[in-house]
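S.K.: sequence-free structure coming up:
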């Protein structure tokens, strides 16, 4: 809708939270139906009911090129996900 802008591929919105419809890129380690929200400078929180996990990132990435797609973000999420799931 024009009033809400375009959603990123694989994401939708529930009641105040993003809902993952297709895990990919920075949400690849989460299950379909996971929900969460992010802040302007990189803070993120996700709940993954299928895996009974919470994912919270408290960073300030102001000035990082690439935003959510930055290599540091991918590496952090991969390390955290592997530590929790293995």
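M.R.: Noted; the coordinates are in hand. This one's a predicted model, so the numbers in the text were calculated from it and none came from an experiment.

S.K.: Just give me how far stretch 40-47 sits from the chain centre.
M.R.: Put simply, stretch 40-47 sits 7 Å off its chain's centre (C-alpha atoms, centre = their mean, to the nearest Å).

S.K.: repeat for stretch 46-60
M.R.: 8 Å.

S.K.: how about it: buried residues?
M.R.: 46-48, 53, 55, 57 (16 or more other C-beta atoms under 10 Å). C-betas here are computed from N, CA, C, even on glycine.

S.K.: From the centroid of this protein, which residue is nearest?
M.R.: residue 27 (4.9 Å; C-alpha atoms, centre = their mean).

S.K.: what residues does stretch 51-58 touch?
M.R.: Contacts with stretch 51-58, where a contact means C-beta atoms under 8 Å, 6 or more residues apart in numbering, come from 29-31, 36, 42-48, 73, 76-77, 80-81, 84-85.

S.K.: could the buried residues of stretch 46-60 be laid out in CSV, adding pLDDT, secondary structure and distance to residue 17?
M.R.: Below are the buried residues of stretch 46-60 laid out as CSV (pLDDT from 0 to 100; DSSP: H, G, I helix; E, B strand; the rest coil; distance: C-beta to C-beta, whole Å):
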residue, pLDDT, secondary structure, distance to residue 17
46, 89, strand, 9
47, 94, strand, 8
48, 93, strand, 13
53, 89, strand, 16
55, 86, strand, 13
57, 82, strand, 15
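
S.K.: What is the nearest of the residues you listed to residue 15?
M.R.: Closest approach to residue 15 among those (C-beta to C-beta): residue 47, at 13.3 Å.

S.K.: rewinding a little: so which of the contacts of stretch 51-58 sit within helices?
M.R.: Within these, residues falling in helices by DSSP state H are 73, 76-77, 80-81, 84-85.

S.K.: Closest one of those to residue 10?
M.R.: For the ones in helices among the contacts of stretch 51-58, the nearest to residue 10 is residue 77 (14.8 Å; C-beta to C-beta).
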